[in-house]
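Peer 1: coordinates for the following, if possible.
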Amino acid sequence: MEGNLAHQIKSICIFCGSNLGKNAKFIEAANNLSRVLAKRKIDLVYGGGSLGLMGCVSTAAHVRGCQILGIIPIALAKGNFVGKTVREELQVSTMQDRIWKILDNSDAFIALPGGIGTLEEIFQIAFWAQLNIHHKPIGLLHVDGFFNKLLSFLDQAGRKISFHIQHDRSLFLLQLLKR
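Peer 2: Next comes the predicted model:
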């Protein structure tokens, strides 16, 4: 995000788990990322709620003065499955509506450690980039080797079915941001 690109990025969507995970480095990375966002005056867009790493990154960003937009399906908000959204909340009808609104409101995307939902969201965004629906930066915050096996899988899939893995891998890899 250096140079000219940094000036264009006004909001970043963070995809991450609604659980904290079992590694304290995940929490440290979420806090570090919120520091970087605040320092660069970048708004946070996320899937709403206050649980797990989502809550950690959104609360830490809020405390540091970032503008925050949580985009959440009505069913999740009303069912209180993910806790109360930090700051502004936009409720949408479906998960598919949510990802479109996230795309519309974000200039870049980063996935922290998470589960199936996190992977589904970052892969949806990456797939749309391959289809030229958008040309926004996408990355994985590669904390303590969390995405090693996923990247190995993508390498293997690229070899076995001959898609352009170097291009696909470059969509994803983002090392832990420096403090």
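
Peer 1: any chance you could map the helices in this protein?
Peer 2: 4-8, 24-39, 52-63, 74-79, 95-105, 116-130, 148-161, 165-172 (DSSP state H).

Peer 1: so how far is the second one from its chain's centroid?
Peer 2: To tie it back to what came earlier, the one meant is helix 24-39. 12 Å (CA atoms, centre = their mean, to the nearest Å).

Peer 1: that one - contacts with which helices or strands?
Peer 2: In terms of contacts (3 or more CB pairs under 8 Å, 6 or more residues apart in numbering; DSSP states H and E), helix 24-39 is packed against strand 43-46, helix 52-63. Quick note: C-beta positions are derived from backbone N, CA and C, even for glycine.

Peer 1: if we use 7 Å, what do you get?
Peer 2: helix 52-63 (3 or more CB pairs under 7 Å, 6 or more residues apart in numbering; DSSP states H and E).

Peer 1: any idea of the mean pLDDT for the helix it packs on?
Peer 2: Averaged over helix 52-63, pLDDT sits at 91.

Peer 1: again, but for stretch 22-35
Peer 2: 92.

Peer 1: what residues of it count as buried?
Peer 2: By neighbour count with 16 or more other CB atoms under 10 Å, stretch 22-35 contains the buried residues 26-27, 29-34.

Peer 1: dump the residues you listed into TSV; add distance to E120 as well.
Peer 2: Shown next, in TSV, are these (distance: CB to CB, whole Å):
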residue	distance to E120
F26	19
I27	23
A29	20
A30	19
N31	25
N32	25
L33	20
S34	23
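
Peer 1: most tightly packed of the helices of the chain?
Peer 2: Sort the helices of the chain by mean neighbour count, taking mean count of other CB atoms under 10 Å, and helix 52-63 sits at the top with a mean of 23.

Peer 1: list the helices and strands that helix packs on?
Peer 2: Helix 52-63 packs on helix 24-39, strand 43-46, strand 68-73, going by 3+ CB pairs under 7 Å, 6+ apart.

Peer 1: and L141, which of the helices of the chain is closest to it?
Peer 2: Ranking the helices of the chain by proximity to L141 (CB to CB) places helix 24-39 first, at 5.7 Å.
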